[in-house]
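**Student:** Quick one: sequence and predicted model below, then my questions.
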Amino acid sequence: MTQLSAAQTPQAKPSDGSKALYGGKGTRRITVRDIALAKERGEKWPMLTAYDAMTASVFDEAGIPVMLVGDSAGNCHLGYDTTVPVTLDEMTMLSAAVVRGTSRALIVGDLPFGSYQEGPVQALRSATRMVKEAGVGAVKLEGGERSYDQIRLLVESGIPVMAHIGLTPQSVNAMGYRVQGRGEEAAAQLLRDAKAVQDAGAFAVVLELVPAELAAEVTRTLHIPTVGIGAGSETDAQVLVWTDMLGLTGGRVPKFVKQYADLREVMGNAAKAFAEDVVGGTFPLEEHSVH
Ligand SMILES: Nc1nc(=O)c2c([nH]1)NC[C@@H]1CN(c3ccc(C(=O)N[C@@H](CCC(=O)O)C(=O)O)cc3)CN21
Ligand SMILES: CC(C)C(=O)C(=O)O
Ligand SMILES: [Mg+2]
């Protein structure tokens, strides 16, 4: 007999682990309902970005329950400087690849800049493409109170929405990349934004680059899960950009990143080893040849 019930442990999990988003035994695709149940259990969960089928299949096999096809593909995968130039065609193509590469993770497709700002009808048209053509289970869009009408129509239409408040990188030209919610007024605005997206029907909300104490307060206040990035340790979930997490991005990465591997080094060394083999005539060998 176990002494602690699931509810008493800090990281509550069902006793057999069968329902847990991470480490559970389920094999069917995770739904937004599973995400809601995880918050009730007090279970924390990880989310990673993915931009292609191959990488997504690695994370799916590792048990990552939610993957975001982020518009960070703009700077991390497509060679743009920011997320601003990314198009809906590009996001649809990348999202379709990630869906094809996975069987268990919930796939969330980021709506790019310009694909929902005109209003709810444009947002629904864009989100519908992502659902029908890419097969995503949910979409994400930036903005709190200002995106209320868009979130509401999508949810009423049957498309689950992950909201995104705090630093919203699609507005980089207006706000820069600065911590959000510092000071009383900004904190009050962030709380209003969080409540607005919950009221509009969002199933989760990303909090990007906000003070840890404020993110903790939002997490306690909302009944939908919060997904932190640079938002401290008290959010229900954490997300990182996969190329940052694995040391592939190159150049300066945000200070909230923890680097779990140095793939840039690994891949660079492998490329050099291949090049030296070719130049030196040590690849291919007899075993790599056909006759
Ligand atoms: N590679 C990558 N990682 C990300 O996390 C990421 C992207 N790209 N692109 C889309 C957005 C943009 N994000 C960003 C971009 C810059 C900072 C940044 O410069 N942060 C400063 C802190 C600024 C401050 O203290 O006010 C830092 O040093 O972390 C943060 C998040 C997060 N997202
Ligand atoms: C940083 C995450 C939340 C994102 O929006 C992205 O990767 O595009
Ligand atoms: Mg994004």
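**Tutor:** Received it, and whenever you're ready, just let me know what you need. Remember, it's a predicted structure, so these values are computed and weren't measured experimentally. Ligands and ions are numbered 1, 2, ... in the order given.

**Student:** Please make it C-alpha for all contacts and neighbour counts, starting now.
**Tutor:** Noted.

**Student:** Near ligand 1, which residues of the stretch 101-250 of the chain are found?
**Tutor:** For the stretch 101-250 of the chain, the residues in contact with ligand 1 (CA under 6 Å from any ligand atom) are 169, 177-179, 241, 244.

**Student:** Just the buried ones out of the residues you listed, please.
**Tutor:** With neighbours counted by 16 or more other CA atoms under 10 Å, these contain buried members at 169, 241, 244.

**Student:** can you narrow these to ones near ligand 2?
**Tutor:** Here is what survives when these are matched to ligand 2 using CA under 6 Å from any ligand atom: Val241.

**Student:** Closest residue of the stretch 151-291 of the chain to ligand 3?
**Tutor:** Closest contact between the stretch 151-291 of the chain and ligand 3, by CA to the ion, is at Pro169 (6.9 Å).

**Student:** so that residue touches Pro85, yeah?
**Tutor:** No - using CA atoms under 8 Å, Pro169 is not in contact with Pro85, being 11.7 Å away.

**Student:** For the residue of the chain found nearest ligand 2, which residues are in contact?
**Tutor:** Nearest residue of the chain to ligand 2 (CA to the nearest ligand atom) works out as Gly70 at 3.3 Å. Going by CA atoms under 8 Å, 6 or more residues apart in numbering, Gly70 touches 49-51, 109-110.

**Student:** which one of the residues you listed has the most neighbours?
**Tutor:** Gly109 (34 neighbours; other CA atoms under 10 Å).

**Student:** tell me the SS of it?
**Tutor:** Secondary structure assignment for Gly109 (DSSP: H, G, I helix; E, B strand; the rest coil): strand.

**Student:** Assess the claim that it and Glu90 are in contact.
**Tutor:** No - checked against CA under 8 Å, the pair Gly109 and Glu90 is beyond contact range at 11.1 Å.

**Student:** State the helix or strand in which the most centrally placed residue in the chain lies.
**Tutor:** Residue closest to the mean C-alpha point of the chain, counted by CA atoms, centre = their mean, is Leu68 at 3.5 Å. In the assignment (DSSP states H and E), Leu68 maps to strand 66-69.

**Student:** Just the C-alpha atoms of that strand, please, in PDB.
**Tutor:** What follows is strand 66-69, C-alpha atoms only, in PDB (Å, rounded to 0.1, in the frame of the first residue of the first chain):
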ATOM      1  CA  VAL A  66       1.900  18.600 -26.600                       C
ATOM      2  CA  MET A  67       3.900  20.000 -29.500                       C
ATOM      3  CA  LEU A  68       3.600  23.500 -30.800                       C
ATOM      4  CA  VAL A  69       4.300  24.300 -34.500                       C
END
